[in-house]
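K.L.:
Test case, fold it:
(chains A and B)
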Amino acid sequence: MIANRTNKRLALFMGFAVVFLAALLARAFYVQVIAAPGLQEKADSQHIRTVELDAPRGVIYDRDGEELAISQSMATVYANPGQIDDPAAVARQLAPIVGRSAGELLTKLTKESGFEYLARKIDPASGQEIEDLKIPGVGVCSEDKRVYPKGALAPQLLGFVGTDNEGLAGVEKEYEQVLAGRPGSLQVVSDPAGNRLATVSVEEARAGDSITLTIDEDIQFETERVLADAVKEFQAKKACAVVIDPSSGEILAMGNTPSFDTNAFGSVEEQHRRNSVVTDQFEPGSTFKMVVTAAALEAGLVSPDTTFSLGREIQVYDRVVHESHEVIPAVRELTVTQILAQSSNVGTVKLGLEVGKKRLVEMIRKFGFTEPLGIDFPGEAAGQMLAPEKWSGTTIANVPIGQGIAVSPLQLVAAYAAIANNGQLVQPHLVRDGGERWTRRVLSETVAAQLRDMLTVTVSGGTGKEAQVKGYAVAGKTGTAQKVKVDGSGYDENRYIASFVGMVPAGAPRLVILVVVDEPANAHLGAYVAAPAFAKIADFALKRLGIAPTAAE
Amino acid sequence: MATASRSAWMDAWGGDLVPSSAARRSAARVDARVRSTRYYGREATARLPRPAPEIQRIEALPELKVVTRRRSRWRILLLALAFAGLLLAVSVVVPVLVNSAATGVESAVGQLEAERQGLATAASVLSAQISALSSPDRVTEQAAQLGLGPARSVHYLPAGTEKAASEGDTTVAGR
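P.N.:
This is a model prediction of the structure:
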C-alpha cells in the first residue's frame, strides 16, 4: 500500500517535471526562433550605433588650380533632451560657446524629442570646448561646411550650397552630381560610454570629384573690381561683364556687381544672387547692328565700302527712326563701315531693309540669339525674338538696331566671339574637360575678317574710342539701349543700358569682352560708360595672359 | 601471472590423471615451450596434448593464452581529462582572449580615426586660411600697403627692325 502511494507521488513529480521541461523548451524555442529577429533588433539598438560617414564635396578650382570653393570640417552640437537633467543650466553653459541665446537653446533642450541640433557647423574649437565639458546628453560630431576662401570672388558664378551641402545655385548646382559624392555609413558595437568595441559593417563614403573652371581668378577679380568702380562712378543699378576666349569658348571671367561674400549669401537679396550674364536678357541696342551688317555682307548685298546716302531719319510704315547723334547734316554719304563705326540708326535700318526679314531672321538664328547656347550653368536665358510670321511692317526697322529683341549678355558675347574666331561659333563653357563642345559656322571667314576690320574702325575712329587699349588694336561696338517702361508702354527716356563688346588684339583676337552697365544715372552712352571699363579689363587680361602688344607706342 | 596459474593447473592435472607416454611427451613439450617463453619473455601459446580417450574431456577445457599485463585505467582517465580541459580552453578561453584583443584593436582604431578626423579638420581650416590669404583681394590690399600697384602709364618700346645679331657678330662680356 505504502509502496503504491510512493510510486504515484513519484509519477506525479515526474509528470510535473516533464511539463515544466516542456514549457521551458517551448519558451526557449519561442525566444530563440520565433521572437529572435525582434529581440536581436532590440539588442542591436542598444549597443550598435550607425555613424554617418561624410562624403567631402569636391573642390572647385580656377584654371590655375586656385581653390575657389572647398569643404571644411566644422563642429555640430546635438542633444538628447531626454538625457539632460537640468536643461536650463546646460543652456546657460552652452549659449556663449555656440553663440546663441540661452532661451533658444532651452527651447530645444526641453522638447519631447530624442535628438535636437543645438548648433550646426560651428567653429571646431568651440566644438572641442563643448566636448571637453562632457555634458551627459550633449554630443558633438563633425560636419562638412562649404567655404569660399576668396570671399566675394565670383559669388553669382560659383553659387552656393544648402545646410545639407546640396548645390542650390550656380556651378554648385550645375555640377551637383559631380561635386556631391556619396555619403557612407559605419555600424559599430559600442559600450555604454560610447567607446567602439567592434565594427559590424562599413559602407565607405565616396568623396565628390573636383572640377576645374575655365575662370582665371585674377581676371575675374579685376573684372569685378572694374565693374564695381563703373557702378560707383556712374551710379548705376548694376553691371555685368564676361571675358571669353573665342577660339575655345572658355570663359575667363564672368562678373556681376553688386557683389557679395559667398560665405554670407543668406543675407543677400535674391536679385543680387543672379548671374545676369547667363540668366538675364536685355535689348542689346547698337551692339546688335553687327548682325544685320553680317547678314548683308554674307548675302553679298554690300561690301564694307558700299556707300549709302542717309538722311537724319527714316520712316518705315508708321515708325520714324532717328539718328541718336544730335549734330548731323541733313544728308550724308556713309559707307557700311562708317554706318557701323558711327552707329548710324538710319543706315542700319536701310541695311535691314536691304537684307529683308528672311535673311535677317536666319542670321539671328545662326548667331544663336533664339536658343540657349547650352552653357554649363543653370537657368540660361534663351533670348527672345518675335516669331517671323508675327513681325509687323515696322519690326524690320526695330530689330536691326537692337530693339524689339532680347538677348542674354552671354549670347551677345558668343556672337562676337564667332566673328573673332573666323566665323566659327564655339559653345561657351565654364568647366574645363567637361566633354565635347559643339562648334558651328556662322559666317564665312571673309565676312568675319571684314567685320573685324569694320569694328576696328569703330574703336579707332568711331564711337568706341574710349575702348582703346594702349599697345593693342581693338575691335568692338558700343551699345546704348533704352529700357522698356515698367508698364510696357514704350521706351523709358531716362533708363538705359550702356554696353560695349569688343575683341583684342583685333588682328587675331585672343579675348572677347562684353561690359553691360544697367541704368547708369549720370551718363548713359555705352561709349562713355561701358567702353572705358572694357579697356581696363582688356588691358589687365592681356598682360595677365602675356599677350604681346600689337601696336608699339 | 598466467604462466604461474598454468603450472599449478598442470600440476593438478598431473595429479589426477595417469597420462600416457605420448601425453607425457606432449606435456614435456608444452612445459619446455612455457619455459622457453618465460626465458625469452615472449608470448606463447601452449597447445594441450590430445589426451587418451579417458581424458577426452580435457580437450574441452578452455584454450589458454599467454597475455601481457594490462595498463591501469587511471592513466586513460587522466588523458581524457586533459583532453577535455584542452577543449574547454580552446572553446572558451581562446574566444575570450581573441575578443579582448579585437576590442582593444577596435578601440585603438576608433581613437586613431578620431585623431585623423581632428587632423583633417585642422588641415581643412589651414587650407581655407591659405586660400583666403592668397586671394587677389588681400594681395591687392597688401600690395597697396607696400605702395605697389598697376602702372599708371605704360610705354611699349618698338622692336628693332634691324636683323638680330647672330653668333659671332658681337662681343659679349665674359665670353
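K.L.:
ok, now which ones touch the closest residue to chain B within the stretch 201-350 of chain A?
P.N.:
Per CB to the nearest CB, A:Phe221 is where the stretch 201-350 of chain A lies closest to chain B, at 3.7 Å. C-beta: built from backbone N, CA, C; applies to glycine. Taking CB atoms under 8 Å, 6 or more residues apart in numbering or on different chains as the contact definition, A:Phe221 lies against A:153, B:136-137, B:140.
K.L.:
and if we set it to 7 Å?
P.N.:
A:153, B:136-137 (CB atoms under 7 Å, 6 or more residues apart in numbering or on different chains).
K.L.:
Out of those residues, list just those in helices.
P.N.:
B:136-137 (DSSP state H).
K.L.:
And the one residue sitting closest to the centre of chain A, how far from chain B?
P.N.:
Computing the C-alpha centroid of chain A and ranking residues by CA atoms, centre = their mean puts A:Gly170 first, at 2.6 Å. A:Gly170 sits 18 Å away from chain B when distances are taken as CB to the nearest CB, to the nearest Å.
K.L.:
Please apply the same query to A:Ser444.
P.N.:
Following CB to the nearest CB, the distance that separates A:Ser444 from chain B is 33 Å.
K.L.:
From the structure, what's the count of residues near that residue?
P.N.:
14 (other CB atoms under 10 Å in any protein chain shown).
K.L.:
Which of the three states applies to A:Lys289?
P.N.:
helix (DSSP: H, G, I helix; E, B strand; the rest coil).
K.L.:
One more: A:Phe308?
P.N.:
The three-state label for A:Phe308, taken from three-state DSSP, comes out as strand.
K.L.:
elements contacting the longest helix seen in chain A?
P.N.:
Of all the segments of type helix in chain A, defined by DSSP H, the longest one is helix A:2-29. Using 3 or more CB pairs under 7 Å, 6 or more residues apart in numbering or on different chains; DSSP states H and E as the contact criterion, no secondary-structure element is in contact with helix A:2-29.
K.L.:
before we move on, back to that, using TSV, lay out the contacts of A:Phe221 together with distance to A:Phe282.
P.N.:
Shown next, in TSV, are the contacts of A:Phe221 (distance: CB to CB, whole Å):
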residue	distance to A:Phe282
A:Leu153	25
B:Pro136	29
B:Asp137	29
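K.L.:
OK, contacts around the residue lying closest to the residue nearest to the centre of chain A once chain neighbours are set aside?
P.N.:
Residue nearest to A:Gly170 in three dimensions, not counting chain neighbours: A:Gly159, with 2.0 Å by CB to CB, 6 or more residues apart in numbering or on different chains. Residues in contact with A:Gly159 (CB under 7 Å, 6+ apart) are A:167-173.
K.L.:
since we're on A:Thr6, how many residues are nearby?
P.N.:
10.
K.L.:
What's the per-residue pLDDT of it here?
P.N.:
pLDDT for A:Thr6: 73.
K.L.:
How about A:Met74?
P.N.:
84.
K.L.:
right, and it touches A:Pro124 too?
P.N.:
Yes. When contacts are counted by CB atoms under 7 Å, A:Met74 is listed as touching A:Pro124 (6.2 Å).
K.L.:
what about the residue of the stretch 51-200 of chain A found nearest chain B, is that helix, strand or coil?
P.N.:
With CB to the nearest CB as the measure, A:Pro149 is the residue of the stretch 51-200 of chain A nearest to chain B, at 3.2 Å. Secondary structure of A:Pro149, reduced to three states by three-state DSSP: coil.
K.L.:
That one and A:Gln32: what is the separation?
P.N.:
Taking CB to CB, to the nearest Å as the criterion, A:Pro149 is separated from A:Gln32 by 59 Å.
K.L.:
Could you do A:Leu158 as well?
P.N.:
Relative to A:Gln32, A:Leu158 is positioned 59 Å away (criterion: CB to CB).
K.L.:
Quick one: low-confidence residue ranges for chain B.
P.N.:
Per-residue confidence for chain B (pLDDT under 70) gives these ranges: B:1-19, B:37-61, B:67-71, B:160-175.
K.L.:
Now it against chain A: closest residue?
P.N.:
The shortest separation between chain B and chain A is 3.2 Å, found at B:Ser131 (distances taken as CB to the nearest CB).
K.L.:
burial count for that residue?
P.N.:
As a measure of burial, B:Ser131 has 20 neighbours, counting by other CB under 10 Å.
K.L.:
Name the nearest residue to it, sequence neighbours excluded.
P.N.:
Distances taken as CB to CB, 6+ apart place A:Pro149 nearest to B:Ser131, at 3.2 Å, with adjacent residues excluded.
K.L.:
quick one: the one you found and B:Ala132 touch, right?
P.N.:
Yes. With contacts counted by CB under 7 Å, A:Pro149 reaches B:Ala132, the gap being 4.3 Å.
K.L.:
Quick check on the two: which one has the bigger neighbour count.
P.N.:
A side-by-side neighbour count of A:Pro149 and B:Ala132, using other CB under 10 Å, places A:Pro149 first with 22 against 17.
K.L.:
residues touching that one, list them.
P.N.:
The contact partners of A:Pro149, by CB under 7 Å, 6+ apart, come to A:67, A:70, B:128, B:131-132, B:135.
K.L.:
Close to chain A: what parts of chain B are there?
P.N.:
Taking CB under 7 Å from any CB of the partner chain as the criterion, the neighbours of chain A within chain B are B:102-103, B:106-107, B:110, B:117, B:120-121, B:124-125, B:127-128, B:131-132, B:135-137, B:154-158.
K.L.:
In helices, which of those residues appear?
P.N.:
The subset of these located in helices under the criterion DSSP H comprises B:102-103, B:106-107, B:110, B:117, B:120-121, B:124-125, B:127-128, B:131-132, B:136-137.
K.L.:
is it fair to say A:Leu351 lies in a strand?
P.N.:
No. Inclusion of A:Leu351 in a strand is not indicated when three-state DSSP is applied; the result is helix.
K.L.:
tell me, how many neighbours does it end up with?
P.N.:
The local packing count at A:Leu351 equals 25, with neighbours defined by other CB under 10 Å.
K.L.:
show me the contacts for it.
P.N.:
When contacts are counted by CB under 7 Å, 6+ apart, A:Leu351 is found next to A:292-293, A:296, A:339, A:400.
K.L.:
one more time with 10 Å
P.N.:
If a contact means CB atoms under 10 Å, 6 or more residues apart in numbering or on different chains, then A:Leu351 has A:289, A:292-293, A:295-297, A:301-302, A:306, A:308, A:336, A:339-340, A:344, A:360, A:400 as its contacts.
K.L.:
Could you tell me which of the residues you listed belong to helices?
P.N.:
Restricting the contacts of A:Leu351 to those inside helices, with DSSP H as the criterion, leaves A:289, A:292-293, A:295-297, A:336, A:339-340, A:360.
K.L.:
Distance of the nearest residue to A:Glu445 once chain neighbours are set aside relative to chain B?
P.N.:
Counting by CB to CB, 6+ apart, A:Asn422 is the residue found nearest to A:Glu445 once chain neighbours are left out, at 4.6 Å. When CB to the nearest CB is the yardstick, A:Asn422 and chain B sit 27 Å from each other.
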